[in-house]
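Chemist: Curious how this folds, go ahead:
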Amino acid sequence: MENSAVKEILERQVVAVAKAVEDKIDEEIAALDRLDSDDLEALRERRLQQMKKIAEKRSRWVALGHGEYSEIPNEKDFFSVVKASERVICHFYRENWPCKVMDKHLAILAKQHIETRFVKINAEKSLYLSEKLRIVVLPTLALVKNAKVEDYVVGFDELGGTDEFSTEELEERLAKAEVITYEGESSRNPFKSKAPSRSVRQSSYSSDSD
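Modeler: Just a heads-up that it's a prediction; the model follows:
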């Protein structure tokens with residue numbers, strides 16, 4: 001008896017949802033029916049203009065080096081890069097395992113987020129810049145918006161403290177800082193379980209190890 005009552009409630013809920021969706025579709029169809037040819041032409045023109053602007057923006061980004069994960073050869077170029085692009089993620093690295101792990105994820109994200117410039121710079125060859133931005137732990141990501149460093153991702157502490165974090169976890173952290181645009185399934189489930197993973201020692205900038 002109890003099961004049949006639950007079943008009846010569920011059926012009513014399904015019917016109610018279906019009715020709401022059907023009503024919404026009917027509203028949209030009715031709105032389209034009310035449009036005359038001039039309205040439709042205006043909508044089409046507006047859509048074309050939007051698509052044109054998006055294409056122009058993408059072309060400008062590609063011309064600036066967006067869509068690739070590239071290395072900045074010197075400190076002077078860092079300033080040129082952050083002035084040219086609205087949003088920049090710069091990886092301060094050295095030749096060690098943790099930085100190579102970060103490289104792997106950033107190379108993937110650079111292709112997925114053409115709206116942001118992804119670059120890396122060797123911290124040991126950029127002493128002035130590293131000191132100015134107070135880079136101590138490597139890897140460190142400087143998150144730049146409108147030519148200003150707004151945030152940092154320092155080591156792997158915010159990524160579970162291990163080198164086995166996923167690209168999606170890094171992606172969520174960058175989206176939180178608003179240096180990329182992202183609406184992912186994982187961001188709606190921040191408490192998802194994680195498999196056990198080994199910890200990794202991140203290198204201090206001043207250390208000679210690794």
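Chemist: Identify the residues contacting the nearest residue to residue 93 once chain neighbours are set aside.
Modeler: Once flanking residues are discounted, residue 93 sits nearest to residue 99: 3.8 Å by Cβ to Cβ, 6 or more residues apart in numbering. All C-beta atoms are positioned from the backbone trio N, CA, C, and that covers glycine. Contact analysis of residue 99 by Cβ atoms under 8 Å, 6 or more residues apart in numbering lists 91, 93, 138-139, 203.
Chemist: so how far is the helix or strand where residue 99 lies from its chain's centroid?
Modeler: Using DSSP states H and E, residue 99 sits within helix 97-112. What separates the centre of helix 97-112 from the centre of its chain is 13 Å, taken as Cα atoms, centre = their mean, to the nearest Å.
Chemist: Spell out which helix or strand contains residue 151, please.
Modeler: Under the criterion of DSSP H and E, residue 151 resides in strand 148-154.
Chemist: coming back round to it: got CSV for the contacts of residue 99, with pLDDT too?
Modeler: Below are the contacts of residue 99 laid out as CSV (pLDDT from 0 to 100):
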residue, pLDDT
91, 98
93, 98
138, 97
139, 98
203, 58
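Chemist: Tell me the one of those nearest residue 119?
Modeler: residue 91 (7.2 Å; Cβ to Cβ).
Chemist: quick one: the closest one from residue 35, how far?
Modeler: Using Cβ to Cβ, to the nearest Å, we find residue 91 at a distance of 50 Å from residue 35.
Chemist: out of these two, which sits in the busier spot?
Modeler: residue 91 (24 against 12; other Cβ atoms under 10 Å).
Chemist: That one: what secondary structure?
Modeler: On the three-state scheme (DSSP: H, G, I helix; E, B strand; the rest coil), residue 91 is labelled strand.
Chemist: show me the contacts for it.
Modeler: Neighbouring residues of residue 91 by Cβ under 8 Å, 6+ apart: 99, 102-103, 106, 118-121, 139-141.
Chemist: Enumerate the beta-bridge partners assigned to it.
Modeler: residue 120, residue 141 (DSSP bridges).
Chemist: Find the residue at the geometric middle of the protein.
Modeler: residue 180 (3.8 Å; Cα atoms, centre = their mean).
Chemist: distance of that one from residue 87?
Modeler: From residue 180 to residue 87 the distance is 7 Å (Cβ to Cβ).
Chemist: ok so, going back, so the strand holding residue 151 versus helix 97-112, what angle?
Modeler: Counting by axes from the mean of the first three to the mean of the last three Cα atoms, to 10 degrees, strand 148-154 lies at 130 degrees to helix 97-112.
Chemist: residue ranges of the strands in this protein, please?
Modeler: For the chain, the strands defined by DSSP state E occupy 69-71, 87-93, 117-122, 137-138, 140-145, 148-154, 203-204.
Chemist: can you redo those strands as CSV with distance to residue 9?
Modeler: Formatted as CSV, these follow (distance: least, Cβ to Cβ, whole Å):
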stretch, distance to residue 9
strand 69-71, 53
strand 87-93, 48
strand 117-122, 51
strand 137-138, 55
strand 140-145, 48
strand 148-154, 47
strand 203-204, 58
